[in-house]
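> Give me a 3D structure for the following:
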Amino acid sequence: MRGKRIFANQIEAMFEVACRKAGINKRGLGLSTAAFRRVEKRQGSLFD
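Take a look at the predicted model:
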């Protein structure tokens, strides 16, 4: 979905500024699964 005209351009510019201020304008953010762990016991049955 693409916007047109001046309002879409203004929203795009504001979004880019907000991303830059938040520090999320970098490409290829490092993702890791280190914060996740496998649950040791099995999941219980719904009707047990």
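> residue ranges with poor pLDDT in this structure?
1-3, 25-29, 43-44, 48 (pLDDT under 70).
> one more time with 90
1-6, 19-20, 22-48 (pLDDT under 90).
> now the helices: where do they sit in this protein?
5-22 (DSSP state H).
> Nearest the middle, which residue of it would you pick?
Most central in the chain under Cα atoms, centre = their mean is residue 24, positioned 9.6 Å from the mean C-alpha point.
> Quick check: that residue vs residue 45, distance?
Remark: distance between residue 24 and residue 45 (Cβ to Cβ, to the nearest Å) = 42 Å. No exception for glycine: its C-beta is placed from N, CA and C like everyone else's.
> before we move on, what about residue 32?
33 Å.
> do the same with residue 14
Between residue 14 and residue 45 the computed distance is 50 Å (Cβ to Cβ).
> More neighbours: which of those two?
Each of residue 14 and residue 45 has its neighbours counted (other Cβ atoms under 10 Å); residue 14 has more, 10 against 6.
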